[in-house]
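Undergrad: Okay, sequence plus prediction incoming.
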Amino acid sequence: MTNVTQMNETDRQYYFMEKASGHVAKLGEELGRRPTCCVTTFGCQMNARDSEKLVGILEKVGYEIIEDENADFVIYNTCTVRDNANQRVYGRLGVLNGYKRKNPHMKIALCGCMMQEPEVVEKLRTSYRFVDLIFGTHNIHRLPVLLKQAMLEKELVLEVWSKEGDVIENLPSHRANNYKAWVNIMYGCNKFCTYCIVPYTRGKERSRELDEIIKEVEELKNSGYKEITLLGQNVNSYGKDLNNGTDFATLLEAVAKTGIDRIRFTTSHPWDFNADMIDIIAKYDNIMPSIHLPVQSGNDEVLKLMGRRYSKESYLKLFDMIKEKIPDCTITTDIIVGFPNETEEQFQDTLSLYNYCKYDLAYTFIYSPREGTPAAKMEDNVPLSDKEQRLYRLNELVNKYANEANQKYLGQVVKVLVEGPSKKNPDVLSGYTEHNKLINFKGDASMVGQIVDVRVTEAKTWALTGEQLESNN
Ligand code: 5AD
Ligand code: SF4
C-alpha cells in the first residue's frame with residue numbers, strides 16, 4: 001500500500017495526479033468527449049509562469065487545454081497589485097457564472113495573488129457561491145490534490161496558506177512558447193515597499209538552488225530554446241537566503257556559461273544591484289543589454305515614504321554606472337504617480353529625473369491603495385483628477401523618449417529572435433531585438449525560432465519596422 005504521508009511533496013502530487021486522471025477520464029465518459037479546461041492569467045510574468053505550471057498539471061491529468069472560457073474547468077490566476085486588477089476579475093466572474101448555468105459539469109477555480117487576501121476570499125464565499133475551488137500562491141503545486149477534491153465535492157474547496165512552504169521542484173509545466181522561456185530563480189519579496197502588496201501575497205524570499213536553475217536552463221537549451229528570462233520579484237537579492245555565498249552575479253555568470261543564446265532577467269531592485277552584477281552583464285554577449293530598473297519616484301521624500309531605500313542621487317549613480325559599463329544598454333522603469341500627499345514639486349522631480357534618464361520605456365501607474373500595506377493608512381490630500389493629470393503629463397515624456405530611443409536604430413542591422421507572424425499582419429514576421437525592441441519585418445517564415453539579421457527601415461514609438469538581410473536565407 002502506498003503511504004501518501006511519507007512521500008516527498010513532488011511524489012505526493014504525482015500520486016494525486018494519477019487519482020485526478022481517473023476522475024477526468026470518468027467525466028470524459030459521461031460527456032462523450034475529452035473534458036476541456038481554460039486557464040486565464042491576470043498580472044505579471046510571475047503569474048504567467050505559474051499558469052504554465054497549472055496547464056502542465058491539467059494536461060497531465062487529461063484535460064484538453066483550450067482558450068475559450070466556456071469550458072468544463074476554468075481557472076482564473078489572479079493579480080492584486082492594483083485595485084483595477086481585482087475589479088476585472090469580479091467583472092468577468094459574472095460571465096463565467098452564465099456559462100456554468102448552461103454546463104452543470106463546469107467547475108470554476110480562482111487562484112493567485114488575490115486569493116491571499118482574506119477579504120477577497122470572504123467576498124467570494126458569500127457573494128460568488130458558484131466558485132468551486134479557491135487556492136493561494138503557496139498552494140499552486142497542490143493543484144492535483146485540490147482538483148481531485150473539487151471534482152468529488154459539491155461544496156467550495158478552499159486552501160490558502162498564509163505562509164510559504166518549501167520550493168517544490170520537478171512538477172509538470174507546459175511552456176507557452178517554444179523559443180523563449182521563463183525560469184523562476186526565486187519566489188517572494190522581502191523589501192516591503194510601503195505601497196506594495198506583493199510581500200504579503202507572495203511571502204518571503206526563497207531562492208532556488210543554483211544547480212536546479214542551471215539544470216533547467218541546460219534542458220531548455222538542449223530542447224532548442226534560444227532565450228530565457230530569469231524571474232523574481234527582486235532578482236538582485238537572489239541567493240541571500242541560501243547562505244552559501246551565491247549571489248545574483250554568480251548565478252548570471254553560471255547561466256551565461258551554459259551558452260544559451262539570450263539571457264534576460266526581471267525585475268531588478270536598485271538597492272540590491274551592485275557593480276559585480278553590472279560587470280558580468282557587460283562581460284557576456286549572451287546576457288542581453290536591457291535592464292528593467294524601477295525608480296517609482298524622482299523625489300527623495302517620496303522615495304523615503306515608499307520605503308525604497310535609495311535616494312535620487314544613489315539611483316542616478318547606479319544608472320550612470322550601467323550606462324558607462326554597458327554603453328548601449330536599454331533601461332526601462334516603473335513609476336507611480338500620486339503617492340499619498342505627493343506635491344506638484346515632488347512630481348516635478350520625477351519629471352526632471354525622467355528628462356535625465358530618457359528611458360527607453362516606462363510603465364506608469366496611478367497609486368492604488370492596497371489593504372494591509374502601510375501606505376494605505378496614510379491620509380491622502382491629492383485629488384484623483386490631479387493624479388490623472390500627472391499621469392498624462394508623465395506619459396507624454398514616456399512617449400517622446402520611447403520614440404527618440406527607437407530612432408537611434410534607424411538604418412542599423414539588429415539581431416532578432418523571430419517569433420512568428422505579427423499580430424496585426426500575418427504576412428509580416430515579428431520578434432525582439434537584443435535591446436528588447438519589438439520589430440516587424442518582411443522575412444522568411446521558415447526562420448521562426450531563429451535569430452536573424454534585420455535592417456531597421458522605420459522607427460515608431462512602440463515598434464521598429466525592418467527587412468531581413470539576404471545573408472540569412
Ligand atoms: N499602486 C500603484 N502601482 C503599484 N505598483 C506596485 N504596487 C502599486 C500600487 N499599490 C507598481 C510599481 C511596481 C509595478 C509592478 O507595479 O511600479 O514596480
Ligand atoms: Fe513590491 Fe517593492 Fe518587492 Fe517590488 S521590491 S515586489 S515593489 S515590495
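TA: Thanks, I have it. Ligands and ions are numbered 1, 2, ... in the order given.

Undergrad: Looking at the nearest residue to residue 43 once chain neighbours are set aside now. What's its pLDDT?
TA: For residue 43, ignoring the flanking residues on the chain, the nearest one in space by Cβ to Cβ, 6 or more residues apart in numbering is residue 79 at 2.6 Å. From N, CA and C alone the C-beta is placed, and that goes for glycine too. Note for residue 79: predicted pLDDT of 97.

Undergrad: my guess is residue 79 contacts residue 114, does it?
TA: Yes: contact criterion Cβ atoms under 8 Å: residue 79 and residue 114 qualify, at 6.9 Å.

Undergrad: list the residues that contact both of those two?
TA: Applying Cβ atoms under 8 Å, 6 or more residues apart in numbering, one finds that residue 79 and residue 114 are jointly contacted by residue 85.

Undergrad: The two - which one has more neighbours?
TA: residue 114 (28 against 22; other Cβ atoms under 10 Å).

Undergrad: Which phi and psi values does the residue nearest to that one when sequence neighbours are not counted adopt?
TA: Distance criterion Cβ to Cβ, 6+ apart; nearest residue to residue 114, sequence neighbours excluded, is residue 78 at 3.8 Å. Summarising the backbone geometry of residue 78 under the convention degrees, to the nearest 10, its torsions are phi -100, psi 160.

Undergrad: Who does residue 78 form a beta bridge with?
TA: When assigned by DSSP bridges, residue 78 has beta-bridge partners residue 112.

Undergrad: Run a quick neighbour tally on it.
TA: Applying other Cβ under 10 Å, we find 25 other residues in the vicinity of residue 78.

Undergrad: Could you pull up the contacting residues of it?
TA: Contacts for residue 78 (Cβ under 8 Å, 6+ apart) come out as 42-43, 47, 85-86, 89, 110-115.

Undergrad: Of these, which belong to helices?
TA: Secondary structure of the contacts of residue 78 is defined by DSSP state H; positions in helices are 47, 85-86, 89.

Undergrad: for ligand 2, what are the nearby residues on the chain?
TA: Those residues of the chain that sit near ligand 2, judged by Cβ under 6 Å from any ligand atom, are 189, 191-193, 196, 198-199, 233-234, 269.

Undergrad: List buried residues within the residues you listed.
TA: Buried members of the residues of the chain next to ligand 2, counted by 16 or more other Cβ atoms under 10 Å: 189, 191, 193, 196, 198-199, 233-234, 269.

Undergrad: Touching stretch 134-144 from outside, list them.
TA: Outside of stretch 134-144, the residues within contact range by Cβ under 8 Å, 6+ apart are 9, 13-14, 16-17, 19-20, 50, 53-54, 57-58, 61, 109-113, 115-116, 121, 124, 146, 156-165, 168, 171, 201-203.

Undergrad: Not including adjacent chain positions, what is the nearest residue to residue 197?
TA: Once its chain neighbours are removed from consideration, residue 197 has its nearest residue in residue 370; the separation is 4.1 Å (Cβ to Cβ, 6+ apart).

Undergrad: Return the residues in contact with that neighbour.
TA: Residue 370 neighbours (Cβ under 8 Å, 6+ apart): 80-83, 195-197, 376.

Undergrad: between those, which is closest to residue 101?
TA: Checking the contacts of residue 370 against residue 101 by Cβ to Cβ gives residue 80 as the nearest, at 27.4 Å.

Undergrad: residues contacting the closest one?
TA: Applying Cβ under 8 Å, 6+ apart to residue 80 gives the contacts 86, 113-114, 116-117, 120, 197, 201, 370.

Undergrad: one more time with 10 Å
TA: Contacts of residue 80 were listed using Cβ atoms under 10 Å, 6 or more residues apart in numbering, and they are 42-43, 86, 89, 112-117, 120, 197-198, 200-201, 368, 370-371.

Undergrad: and if you look at residue 380?
TA: When the contact criterion is Cβ under 10 Å, 6+ apart, the partners of residue 380 are 338-342, 367, 369, 387.

Undergrad: Residue 154: how many residues sit nearby?
TA: Residue 154 sits with 6 neighbouring residues when counted by other Cβ under 10 Å.

Undergrad: so it sits right up against residue 132, yeah?
TA: Yes: taking Cβ atoms under 10 Å as the contact criterion, residue 154 and residue 132 are neighbours in contact, 8.6 Å apart.

Undergrad: tell me the phi and psi of residue 362?
TA: Main-chain dihedrals, residue 362, degrees, to the nearest 10: phi -140, psi 140.

Undergrad: quick one: it and residue 428, what's the gap?
TA: For residue 362, the distance to residue 428 equals 27 Å [Cβ to Cβ, to the nearest Å].

Undergrad: same question, residue 365
TA: Between residue 365 and residue 428 the distance, using Cβ to Cβ, works out to 32 Å.

Undergrad: and the closest residue in space to residue 464 that isn't next to it in sequence, what pLDDT?
TA: For residue 464, ignoring the flanking residues on the chain, the nearest one in space by Cβ to Cβ, 6+ apart is residue 439 at 4.2 Å. Here the pLDDT value assigned to residue 439 is 97.
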